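Novice: Could you work out the structure for the sequence below:
(chains A, B, C, D, E and F)
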There are 4 protein chains.
Amino acid sequence: MSRPADPTAKIALLRAAEEVFADKGVDGAKVEDIARAAGISKGAFYLHFESKEALLRQVVESFLGRMSAQFTLDEKTPESAEALLSLWLSRDIESFEFLWQSRAILGILESCAGDYRYLVDAFRGECRNTAVRWIALLKENGLVRKDVDAELTALLMNGAYNELVTRLLTERSHPEFRGWLLTTRELFVRGIGTQKLITALEKDAEARPSRVNGTNGKRHEGAHR
Amino acid sequence: MSRPADPTAKIALLRAAEEVFADKGVDGAKVEDIARAAGISKGAFYLHFESKEALLRQVVESFLGRMSAQFTLDEKTPESAEALLSLWLSRDIESFEFLWQSRAILGILESCAGDYRYLVDAFRGECRNTAVRWIALLKENGLVRKDVDAELTALLMNGAYNELVTRLLTERSHPEFRGWLLTTRELFVRGIGTQKLITALEKDAEARPSRVNGTNGKRHEGAHR
Amino acid sequence: MSRPADPTAKIALLRAAEEVFADKGVDGAKVEDIARAAGISKGAFYLHFESKEALLRQVVESFLGRMSAQFTLDEKTPESAEALLSLWLSRDIESFEFLWQSRAILGILESCAGDYRYLVDAFRGECRNTAVRWIALLKENGLVRKDVDAELTALLMNGAYNELVTRLLTERSHPEFRGWLLTTRELFVRGIGTQKLITALEKDAEARPSRVNGTNGKRHEGAHR
Amino acid sequence: MSRPADPTAKIALLRAAEEVFADKGVDGAKVEDIARAAGISKGAFYLHFESKEALLRQVVESFLGRMSAQFTLDEKTPESAEALLSLWLSRDIESFEFLWQSRAILGILESCAGDYRYLVDAFRGECRNTAVRWIALLKENGLVRKDVDAELTALLMNGAYNELVTRLLTERSHPEFRGWLLTTRELFVRGIGTQKLITALEKDAEARPSRVNGTNGKRHEGAHR
DNA sequence: CATGAATGAGGGTTCATTCAT
DNA sequence: TATGAATGAACCCTCATTCAT
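Specialist: The predicted structure follows:
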């Protein structure tokens, strides 16, 4: 009977918050900015969130939730080298697509990681654990060298991928990250894989007639065959 | 507008700023906190810096300057595999020592990287360029595979090292990062090195009867083949 | 601007206002609280009252009206001492019963007396005038000493009774105020009454074998003379 | 070496607060109003008080402290009727002088008594206890009738005096309250005193050829016998 | 020059009032 | 008419910056 609550308002606020936080930083973002960006008044903001702090928390928590779901799925490790290579690439591409969609909020996380360090750290921990578990399994499957330090390698892989994400965030338009991911996979396969896995990788590479590559999105003429 | 009487005050402020920014975050740090930590009054602060913003800028700029000096020295690339391996490790250790000493300010950078992105990006660019140049030279020297994408690999290496730095920043006391750096070197040597370099690496490893390893600082008994 | 459909709503709001104002204080009471307590919506509130302020005014005015009706009835002064004593006590008891029922709103008045001082003062004036007129008549009837200052005595009596009311407001359950009122009557009879009235009082007291007394509602064993 | 702190500022704020709270009510008083009334800026306010709430607390507490000191001194009860009468009057006059000086803050107390009820109640309790103790002692000395209920009478006296205070607060200029206090003393002496005390009172009255009287501060010509 | 008291713009939050349904 | 979502003025408090000493 009353004016129906704008059902999009809360969503709009969450969206707007991601944008405004990303633009101006968490401290620089005024509640009014966010409310206006969501098309409502400052007062209406408080119909949906207890406080600016609560909004930020929800933005961060829900995003980290989505991230967790994306990155810590615990599938079975493939036993064949080919299956591993294939899964590796497809999971990476899927993840980077997700990250590209989430690029605004990723910038926010950087700036307020301090306050939600526990959450961020928890997420990083999950990621590393997932990676560690995979590497351990791959060692048992004979796809990764026995002498590889799983813990440390997981760390380094996370770091390398993380840098790719940072790179992703600087792009204005959807970059061709498939090439990035192929190169990255190759680096780590050679870095920690057994000969068996490396051989499979080389076969896989031959099968690709040409590929997009390079950090600038420009094609490298050279023989990346 | 004469020269400030106390020439040490400005230095003291810069030092204090690093500490206080690190402790409380850039927004959380009050001008008075910094001035007090530098042993001067809030008023005197403005004899040395135009504004809090100006101080932050100088802190960031000068630190990035020191970083540049540390990381982008352009020495000649060694031509022999053994020399490369040796230089690689020693430069890494030296750099991590420097980073450990700078851990306070590194935390600051994380939190305000947004505002000085141009500076940070410039620094990252320098780092990457340095790395790219090295990789290119090593390719010419036959120590790195010809098909390696220098740009992208530089990025990934930076990322991996960066993660080690993040790890470094979480430590309370000086960690045993020598093991970290050996593992990292091995990963990348295998990842992009030619057979020649990999062989040299394996020889080098044999020469080390035991080494500190693992992300927990605990010693791994086994030699890593 | 037609007549509101629900004529009970305004009454309900007035009732609810007394309660909520009493509970939370005038500033602490939100319009929504009152509307909800009255079983209507915040919006509907404004169909019945121009503003919160207008509601408060009406609450205060109408209560003071009821108070006036209760306290300033202008009956004839009884001419005999016995009749006076009897009427005095019965009127007091009746009034305190009324005040006990009105205890919630009395608390409100205390807190906003400032804003409606004119109303409250008008009421106090009425009370004092009533008292003054009575005392004057009783002087003529020879029941109160001729040298009594009617104005000032009325003030003091009001004050004394007022304190009893304050006491009343602190009680959780209906107190035995009959004893309070007997003691108070005695105090003032002795304080301003002629010997004739005092004698009648003492006779009256003798007729009461025992009485409830004391501020704690506990019975005092001794007969008071 | 710096600008010396305005030593009057805190005092000025306390004074100003009493005034502004009295004028506009506790909720209506803005921090800026108070600061401006004290001749300083809103910001400077917070150099002296944690919050508006803290200021109010201090105003109330310190005033109740002064009140306690004024009203609950525990002197010895005089044993002679004349000494009692004399002390009674002089203490009353002294107290009313104090209250007249404190008239602004007394208005504040009314309006925020709710929040500091514990303090106000404590004070009222002290007052009543003092009165109760006096009445009990005077009973032992044979100056107050044995059948007087000390508790309840103390309550009534407090109420009567309280009304005088209320009256005091309505005055624009220093009223002649000596007459009020003489009348009040007479009322209670007659109301609870023994014949001995009443006789002394009448002697004392005869000794005063004329006295200021009346609630309007106008002189009453006749002796009030 | 140095000090820290003083300033006041600015932001988060509340809630009386309005208005679309 | 009745509803409650939406509005925005107002207020408390913070803190970068200024200024009297």
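
Novice: Does the helix or strand containing residue A:154 reach chain B?
Specialist: Using DSSP states H and E, residue A:154 maps to helix A:150-170. Yes - contact of helix A:150-170 with chain B (CB under 8 Å from any CB of the partner chain) involves A:151-153, A:155-164, A:166-167, A:170. In short, each C-beta sits where N, CA and C put it, glycine included.

Novice: quick check: mean pLDDT across that helix?
Specialist: Averaged over helix A:150-170, pLDDT sits at 91.

Novice: Quick check: next helix or strand after it?
Specialist: That would be, after helix A:150-170 and using DSSP H and E, helix A:177-192.

Novice: and that following helix, what does it pack onto?
Specialist: helix A:81-101, helix A:150-170, helix A:195-207, helix B:150-170, helix B:177-192 (3 or more CB pairs under 8 Å, 6 or more residues apart in numbering or on different chains; DSSP states H and E).

Novice: coming back round to it: ok, and the most crowded of the residues of helix A:150-170 next to chain B?
Specialist: Highest neighbour count within the residues of helix A:150-170 next to chain B, by other CB atoms under 10 Å in any protein chain shown: residue A:156, with 29 neighbours.

Novice: so what's that residue closest to, chain neighbours aside?
Specialist: Leaving aside its chain neighbours, residue A:156 sits nearest to residue B:160 (4.1 Å; criterion: CB to CB, 6 or more residues apart in numbering or on different chains).

Novice: wait, doesn't the one you found sit right on residue B:191?
Specialist: No - the pair residue B:160 / residue B:191 is not scored as a contact, 9.8 Å apart, by CB atoms under 8 Å.

Novice: What parts of chain A come near DNA strand E?
Specialist: Applying CB under 7 Å from any atom of the strand, we find that chain A lies next to DNA strand E at A:1-4, A:29-32, A:42-43, A:46, A:51-53.

Novice: Residue A:143 is in contact with residue A:192, isn't it?
Specialist: No - look at residue A:143 against residue A:192 with CB under 8 Å: they stay out of range, at 9.2 Å.

Novice: tally of neighbours for the residue of chain A found nearest chain D?
Specialist: At 19.0 Å from chain D, residue A:51 is the closest residue in chain A, using CB to the nearest CB. If you count neighbours by other CB under 10 Å, residue A:51 ends up with 11.

Novice: From residue A:58, how far out is it?
Specialist: Distance of residue A:51 to residue A:58, given as CB to CB, to the nearest Å: 11 Å.

Novice: what angle separates the least confident helix or strand in chain A by mean pLDDT from helix A:81-101?
Specialist: Taking mean pLDDT, DSSP states H and E as the measure, chain A has helix A:103-112 as its least confident helix or strand, at a mean of 75. In terms of direction (axes from the mean of the first three to the mean of the last three CA atoms, to 10 degrees), helix A:103-112 departs from helix A:81-101 by 80 degrees.

Novice: what mean pLDDT does stretch A:191-204 have?
Specialist: On average, the pLDDT along stretch A:191-204 is 95.

Novice: hang on, the earlier thing: now for the helix holding residue A:154, which elements pack on it?
Specialist: Secondary structure elements in contact with helix A:150-170, counted by 3+ CB pairs under 8 Å, 6+ apart, are helix A:81-101, helix A:103-112, helix A:117-140, helix A:177-192, helix B:150-170, helix B:177-192.

Novice: Now find how far off-centre that helix is within its chain.
Specialist: With CA atoms, centre = their mean, to the nearest Å as the basis, helix A:150-170 stands 10 Å off its chain's centre.

Novice: same deal with stretch A:25-39?
Specialist: That offset, for stretch A:25-39, works out to 25 Å (CA atoms, centre = their mean).

Novice: ok, now stretch A:147-155?
Specialist: In terms of CA atoms, centre = their mean, the gap separating the centre of stretch A:147-155 from the centre of its chain is 20 Å.
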